[in-house]
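Undergrad: please work out how this folds:
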Amino acid sequence: MVRAMRFLHTSDWHLGRSLHRADLRDAQARFLDHLVETTRAERVDAVLVAGDVYDRAVPPVDAVALCEEALVRLREAGARVILISGNHDSARRLGFSSALIDASGVHLRTSPGRLSDPVILDDDDGPVSVYGVPYLEPSVGLPGWDGERRHEAVLGEAVARIRADAAARSATRTVLMAHAWVAGGVDEAERREAAERQASASERDISVGGIGYVPMSLVGGFSYVALGHLHGQQTLAENIRYSGSPLPYSFSEANHRKGSWLVEIGADGKTRAERVPAPVYRQLTVLRGHMEDLLTSPAYAQHHDDFLAITLTDTARPEAAMDRLRNRFPQILTLEFKPEGVTGDVRSYGERVKGRDDLTIAAEFVKHVRNAPASKAEHQLLTDAFESVREGAC
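TA: Numbering: from 1, shown residues only. Purely as a prediction, here's the structure:
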């Protein structure tokens, strides 16, 4: 029995990223272990990494080492690796020595000049042509092209060049990789926000040079389209998918189901995809409530090890709130205060302080921050502070 060719579609590793200063290196290493294990167990022919390998153009040294180790291990597991650069990556740095590295079975497609140069994979049914389109900056355009500097126009020209190459090769099984925002791509945060077209909080804006998203029809006609950039795993069409990021990189992604796609391509060029869940390092949880309830209620015990974003709704701001909460929730990352029943003052700052002396303004600031008047001792402390400043200025 002839086995269909298998791809593992992943993207948006963002190696080197932290979450509100929480170190994610162990979590990212655990995901890459999972990726290697899946590649070996499922006998994957090629791993497709659709951009944003790193979180920034100059990644930390340990992130580069982690990436290198992962690529070596994926090759040892029997898969070739095809990787494109995303908008967080430095295409030049990521693509250094790509022509030499090609020979090792790791194919870096970071240069717009090579986007119509496919990686050819072969099985018993013949060749599969994999085309990698790195993130294309509209203001830069494409080599030898002087069209409009818009995402749709630039990506459209790139795809047209690929279609021409595929036609010249009489390629019937084609795979397109692209790091872009394709219309129809959303995430859970967007659905909660009335389906507005905005990326999750951890997705860097790529709307420079015009409207950021492009129509799905622009990438139609390929056996499979492996997309990167949006962090929610999703299916736009049976053959057009986002793998999403392997980890949640902001609390807007707390409800995302992270993972990769295991894709099979048959002799007729048709594909089927199966979701491969990613391991969960820590759950991301958003809590809201009164301080004492959060500290004492058994209902919150299950969140002891979660990464937490907490909003306190106490009428008066509790003292040493972060320290007290951290005693119960060691992984708390963010803390906000939104007192119940309190409405903001719509007057301008100038209007609020007009005619008031320094002590009154400072006392009002204490009340604003804590939602409770300054005590007699605090009034005296403020008075002494202002007197000390005045004496020092004389």
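
Undergrad: hey, let's count contacts and neighbours off CA atoms from now on
TA: Fine.

Undergrad: low-scoring pLDDT stretches of the stretch 51-200 of the chain, where are they?
TA: Low-confidence regions of the stretch 51-200 of the chain, defined here as pLDDT under 70, cover residues 185-200.

Undergrad: repeat the analysis, applying 90 as the threshold.
TA: For the stretch 51-200 of the chain, applying pLDDT under 90 flags the ranges 95-103, 138-141, 147-151, 183-200.

Undergrad: could you pull out the strands for it?
TA: Per DSSP state E, counting those that start in this stretch, the stretch 51-200 of the chain carries strands over the ranges 80-84, 106-109, 119-123, 126-133, 174-179, 181-182.

Undergrad: just want the angle from the first one to strand 126-133.
TA: Here the directions of strand 80-84 and strand 126-133 differ by 30 degrees (axes from the mean of the first three to the mean of the last three C-alpha atoms, to 10 degrees).

Undergrad: could you tell me the end-to-end distance of stretch 51-64?
TA: Its start and end residues considered, stretch 51-64 measures 15 Å (C-alpha to C-alpha, to the nearest Å).

Undergrad: Leu382: which element?
TA: helix 376-393 (DSSP states H and E).

Undergrad: which other helices and strands does that helix contact?
TA: helix 358-370 (3 or more C-alpha pairs under 8 Å, 6 or more residues apart in numbering; DSSP states H and E).

Undergrad: tell me the angle of the helix it packs on relative to helix 376-393?
TA: 130 degrees.

Undergrad: could you give me the average pLDDT of helix 358-370?
TA: The pLDDT scores in helix 358-370 average 77.

Undergrad: got the buried residues for stretch 28-42?
TA: Buried residues in stretch 28-42, counted by 16 or more other C-alpha atoms under 10 Å: 28-29, 31-33, 35-36, 38-40.

Undergrad: just give the nearest non-adjacent residue to Leu294, would you?
TA: Excluding the flanking residues, the one nearest Leu294 by C-alpha to C-alpha, 6 or more residues apart in numbering is Tyr300, at 6.7 Å.

Undergrad: with distance to Asp323 and mean neighbour count as added columns, please give the strands of the stretch 51-200 of the chain in CSV.
TA: Formatted as CSV, these follow (distance: least, C-alpha to C-alpha, whole Å; neighbours: other C-alpha atoms under 10 Å):
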stretch, distance to Asp323, mean neighbour count
strand 80-84, 43, 25
strand 106-109, 46, 24
strand 119-123, 54, 14
strand 126-133, 48, 24
strand 174-179, 41, 25
strand 181-182, 41, 25
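
Undergrad: for these, give me CSV that also has distance to Arg324.
TA: What follows is the strands of the stretch 51-200 of the chain, written out as CSV (distance: least, C-alpha to C-alpha, whole Å):
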stretch, distance to Arg324
strand 80-84, 45
strand 106-109, 49
strand 119-123, 56
strand 126-133, 49
strand 174-179, 43
strand 181-182, 42
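
Undergrad: surely Asp12 touches Phe31?
TA: No - counting by C-alpha atoms under 8 Å, Asp12 stays clear of Phe31, with 12.0 Å between them.

Undergrad: who touches both of these two?
TA: Taking C-alpha atoms under 8 Å, 6 or more residues apart in numbering as the criterion, Asp12 and Phe31 both touch Pro246.

Undergrad: all helices for the stretch 251-394 of the chain, in order.
TA: 291-296, 321-328, 349-353, 358-370, 376-393 (DSSP state H, counting those that start in this stretch).

Undergrad: Gly156: how many residues sit nearby?
TA: Gly156 has 16 neighbours, counted by other C-alpha atoms under 10 Å.

Undergrad: should've said Ser139
TA: For Ser139, the neighbour count with other C-alpha under 10 Å is 14.

Undergrad: just list whatever residues bridge to Tyr131.
TA: Leu176 (DSSP bridges).

Undergrad: tell me the contacts of it?
TA: 115-119, 162, 174-177.
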